[in-house]
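Undergrad: okay, here's the prediction I keep looking at, along with the sequence it came from:
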Amino acid sequence: MRHVVVGVITCRRPEWLARLLDSLLKQKVREEIKITIAVVDNANDDKTRKVVESKKVSNASINLLYDIEPEPGIVFARNKCVSLCQSLDADFLAFIDDDEWLEQDNWINTLLEASERYNCDIVTSRVVSVGESGTPDWAVNLIYGKNPYSEGEQVPVFYTNNLLLSKNVLEATVPCFDKRFAMTGASDYHFALRCNHLGFRCVYTEAPVHEEFPKSRATVKWFCRRGFRSGIGYTRSHLFEETYIKALVRVTFMTMVRLGRSLLSFVQGIVTLNKTKLVDGLFRLCSAAGSVAGFFGIKHEEYKVIHGK
């Protein structure tokens, strides 16, 4: 019997959480697999608790837990999921976001089978962005872009929006997510960097999840801020894990790459009158600026504003 904990971090999104839980409770797994869904509430929200309680009777074969992480910050909530997984002596921890849902009923099976097939401790897959009603196409098309990976290919950078981790990874990296990224984002990029340095392999498999992209984020200003924040997170992550000189060389090179790609996107956007390309150019320009800002200790608190419902 193998035990998989599905960690769900949520913060004042009861409607979207309900949709996710409905899709998780429909998952079909092999008889030798035990599933526990661990919902960690980072807001101690009464509506959220009631949603979880209402779903407990939906599927008696899947255990559903609710816990509260009182310390504000996605890092603390993610680490609470890790603690719950280890307290249950589970073999794997899968992460999925509360603004996502599953169209297939074999998501967990597919991730586990990939871990076995490719003999790896980390498995990830793509996220399909679906715009909230009224969200312009240019924003939906920009958020993730085209998936660059194929089945079985090694993935150097991964995130917690669709991820399977073995207990070996959790034991080697505790505390998994660094509190210095509590409100800024990029803790999962930093975590991926640490896993790479420790020799863990992450492999791609085809097990997509769907994510609702809220209309409130479909602004040029939001994408610019996101780019700036991602650049800061990239720099801070490498400063924390590498020597200053090595980080400086790496970030300088990446900054030049981002500037070059920004210029290319601008040219393509102007020639084709494509707003997605134009905003992508701004995003990459802001990301380059953020990479430089990261050296000066500048931070952008991504999670002060909650989007969604």
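TA: Structure's in. What do you need? Residues are numbered from 1 along each chain as shown.
Undergrad: which parts of the protein are strands?
TA: 2-10, 33-41, 63-68, 92-96, 100-101, 122-124, 127-131, 162-166, 202-204, 209-213 (DSSP state E).
Undergrad: could you pull out the helices for the stretch 201-309 of the chain?
TA: 220-241, 244-272, 275-293 (DSSP state H, counting those that start in this stretch).
Undergrad: could you dump the ones you listed to CSV with mean pLDDT?
TA: Below are the helices of the stretch 201-309 of the chain laid out as CSV (pLDDT from 0 to 100):
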stretch, mean pLDDT
helix 220-241, 96
helix 244-272, 96
helix 275-293, 97
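Undergrad: residue 211 touches residue 140, doesn't it?
TA: No - applying Cβ atoms under 8 Å as the test, residue 211 and residue 140 come out as separate, 10.0 Å apart. C-beta: built from backbone N, CA, C; applies to glycine.
Undergrad: show me the common contact partners of those two, please.
TA: Common contacts of residue 211 and residue 140 (Cβ atoms under 8 Å, 6 or more residues apart in numbering): 129-130.
Undergrad: as JSON lines, the helices of the stretch 201-309 of the chain with distance to residue 87 would be great.
TA: Converted to JSON lines, the helices of the stretch 201-309 of the chain look like this (distance: least, Cβ to Cβ, whole Å):
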{"stretch": "helix 220-241", "distance to residue 87": "27"}
{"stretch": "helix 244-272", "distance to residue 87": "35"}
{"stretch": "helix 275-293", "distance to residue 87": "37"}
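Undergrad: need these in a markdown table with distance to residue 154 and mean neighbour count, can you?
TA: As requested, these are arranged in a markdown table below (distance: least, Cβ to Cβ, whole Å; neighbours: other Cβ atoms under 10 Å):
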| stretch | distance to residue 154 | mean neighbour count |
| --- | --- | --- |
| helix 220-241 | 19 | 21 |
| helix 244-272 | 19 | 15 |
| helix 275-293 | 24 | 21 |
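Undergrad: how many neighbours does the nearest residue to residue 14 once chain neighbours are set aside have?
TA: Once flanking residues are discounted, residue 14 sits nearest to residue 47: 4.2 Å by Cβ to Cβ, 6 or more residues apart in numbering. The tally of other residues near residue 47 (other Cβ atoms under 10 Å) stands at 14.
Undergrad: could you measure from residue 47 over to residue 5?
TA: Distance of residue 47 to residue 5, computed by Cβ to Cβ, to the nearest Å: 24 Å.
Undergrad: ok, now residue 144?
TA: For residue 144 relative to residue 5 (Cβ to Cβ), the value is 26 Å.
Undergrad: more neighbours: which of those two?
TA: Neighbours were tallied for residue 144 and for residue 5 using other Cβ under 10 Å; the higher tally belongs to residue 5 (27 against 14).
Undergrad: return the per-residue confidence for that one.
TA: At residue 5, the model reports a pLDDT of 98.
Undergrad: right, and it touches residue 89 too?
TA: No - look at residue 5 against residue 89 with Cβ under 8 Å: they stay out of range, at 10.0 Å.
Undergrad: ok, residue 73 - contacts?
TA: Shown in contact with residue 73 (Cβ under 8 Å, 6+ apart): 42, 179, 182-183, 303.
Undergrad: just the buried residues from those, in ChimeraX please.
TA: Selecting only the buried entries of the contacts of residue 73 in ChimeraX, with 16 or more other Cβ atoms under 10 Å as the criterion:
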select :42,182,183
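Undergrad: how close does the nearest residue to residue 206 once chain neighbours are set aside sit to residue 278?
TA: Distances taken as Cβ to Cβ, 6+ apart put residue 151 closest to residue 206, at 5.8 Å, once the chain neighbours are dropped. Noted for residue 151: a distance of 33 Å to residue 278, by Cβ to Cβ.
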